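Colleague: Prediction below, plus the sequence it came from.
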Amino acid sequence: MQALDGVDLTLREGRALGIVGESGSGKSTLARILVGLEEPSSGTVLFQGKPLVEALRARSAFHREVQFVFQNSLGALNPRKRIGSILHTHLQILEGGTATEVKARVREVAEAVDLPEDLLERFPHALSGGQAQRVNLARALLTHPRVIVMDEPVAALDVSVQARVLRLLRRLAETFTFTLVFITHDLAVVDYLCDEVCVMREGKVVESGSTADVLTRPHEAYTRALMDASRATSHGMPS
Ligand SMILES: Nc1ncnc2c1ncn2[C@@H]1O[C@H](COP(=O)(O)OP(=O)(O)OP(=O)(O)O)[C@@H](O)[C@H]1O
Ligand SMILES: [Mg+2]
């Protein structure tokens, strides 16, 4: 089967792009291709004008510049390491720096995502889902990345926690400068966070444009159905 077919999209620097579609429409496959975890069988991904394969050769530079956050917040954290050590190691490996510099940056970013300092002493199993996802956000931000790809980062959280993390994400997008790719099945979330949207169905992009345009004048019946579905479940949105 073809998970993606003829996908053509441009990610503009400093913007937030939402990728939305029903389950199985190819969103995660696209996310994995964008961050270099999977290779497309044909076609190319350009990062800053150069093929991604070239960027990946300069491994640590690419991994500093492009970060990702996935749905399974706890699964993304090494269960044997304390949170502080997880963050410290990530930054140390990708960027180096003295112990004092690394510690200061970890503290700065932990504060930006509302992680209390005592939490850095804990192991992942002693965190709630929302806390674990804030650790993943902190880790993604440590290296001043240019792009962060998030694949359904709030989908596994219950609604009140989801609203809190979404509010935090919007604040982070204002204070840090990164380009965001935000994958979700919920158009209400796209409306809240994203400048642009790309609607996927069965591996194809069926509609794209500015979020305001697509949501006020959807061309596709499929997009309208996604809008109805998200309206019915939008109680997790920040008020
Ligand atoms: N490694 C793989 N081998 C075979 N098929 C795959 C593989 N990865 C994904 N697929 C298939 O490709 C299609 C797209 O999957 P993908 O995970 O990208 O969808 P999705 O939009 O992220 O769905 P969801 O919203 O449920 O996360 C699905 O039909 C899936 O079964
Ligand atoms: Mg997926």
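Modeller: Thanks, I have it. Ligands and ions are numbered 1, 2, ... in the order given.
Colleague: Which residues of this protein lie near ligand 1?
Modeller: Ala3, Gly21, Ser23, Gly24, Ser25, Gly26, Lys27, Ser28, Thr29, His185 (C-beta under 6 Å from any ligand atom). Quick note: C-beta positions are derived from backbone N, CA and C, even for glycine.
Colleague: Centre-most residue in the chain?
Modeller: Note on the chain: the residue nearest the mean C-alpha position is Met150, at 1.5 Å, using C-alpha atoms, centre = their mean.
Colleague: Now render the residues of the chain next to ligand 1 as CSV, adding secondary structure, neighbour count and pLDDT.
Modeller: CSV is the format used below for the residues of the chain next to ligand 1 (DSSP: H, G, I helix; E, B strand; the rest coil; neighbours: other C-beta atoms under 10 Å; pLDDT from 0 to 100):
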residue, secondary structure, neighbour count, pLDDT
Ala3, coil, 19, 90
Gly21, strand, 24, 95
Ser23, coil, 7, 93
Gly24, coil, 13, 94
Ser25, coil, 23, 95
Gly26, coil, 21, 95
Lys27, helix, 24, 95
Ser28, helix, 19, 94
Thr29, helix, 19, 95
His185, coil, 19, 91
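Colleague: ok, of those, which one's closest to Phe123?
Modeller: Of all the residues of the chain next to ligand 1, Phe123 sits closest to Ser28, with 27.7 Å by C-beta to C-beta.
Colleague: what's near enough to touch the closest one?
Modeller: The contact partners of Ser28, by C-beta atoms under 8 Å, 6 or more residues apart in numbering, come to Asp151, Glu152, Ile183.
Colleague: how close does the closest residue to the second one other than its chain neighbours get to Lys27?
Modeller: Yep, that's Glu152 we're talking about. Of all residues not flanking Glu152 in the chain, Gln71 sits nearest, at 4.2 Å (C-beta to C-beta, 6 or more residues apart in numbering). Gln71 is 11 Å from Lys27, where distance means C-beta to C-beta, to the nearest Å.
Colleague: My read is that the residue nearest to Glu152 contacts Gln162, right?
Modeller: No: with contacts counted by C-beta atoms under 8 Å, Gln71 stays clear of Gln162, the gap being 11.9 Å.
Colleague: The two: which is more packed in?
Modeller: Gln162 (23 against 17; other C-beta atoms under 10 Å).
Colleague: Which helix or which strand is home to the more buried one?
Modeller: Per DSSP states H and E, Gln162 falls inside helix 159-175.
Colleague: And that helix, what does it pack against?
Modeller: Judged by 3 or more C-beta pairs under 8 Å, 6 or more residues apart in numbering; DSSP states H and E, helix 159-175 is in contact with helix 129-141, helix 187-193.
Colleague: So which residues of the protein form strands?
Modeller: In the chain, the strands defined using DSSP state E lie at 16-21, 46-47, 50-51, 66-69, 147-151, 179-184, 196-201, 204-210.
Colleague: Just say which of those is most tucked in.
Modeller: Among those, strand 16-21 has the highest mean neighbour count (mean count of other C-beta atoms under 10 Å), at a mean of 25.
Colleague: Would you mind listing the outside residues contacting that one?
Modeller: 9, 11, 27, 30-31, 173, 179-187, 189-190, 193-201, 211, 226.
Colleague: Distance check, the closest residue to Pro51 other than its chain neighbours against Met1.
Modeller: Residue nearest to Pro51 in three dimensions, not counting chain neighbours: Thr44, with 5.6 Å by C-beta to C-beta, 6+ apart. For Thr44, the distance to Met1 equals 22 Å [C-beta to C-beta].
Colleague: Equivalent analysis for Val161, please.
Modeller: As defined by C-beta to C-beta, Val161 lies at a distance of 35 Å from Met1.
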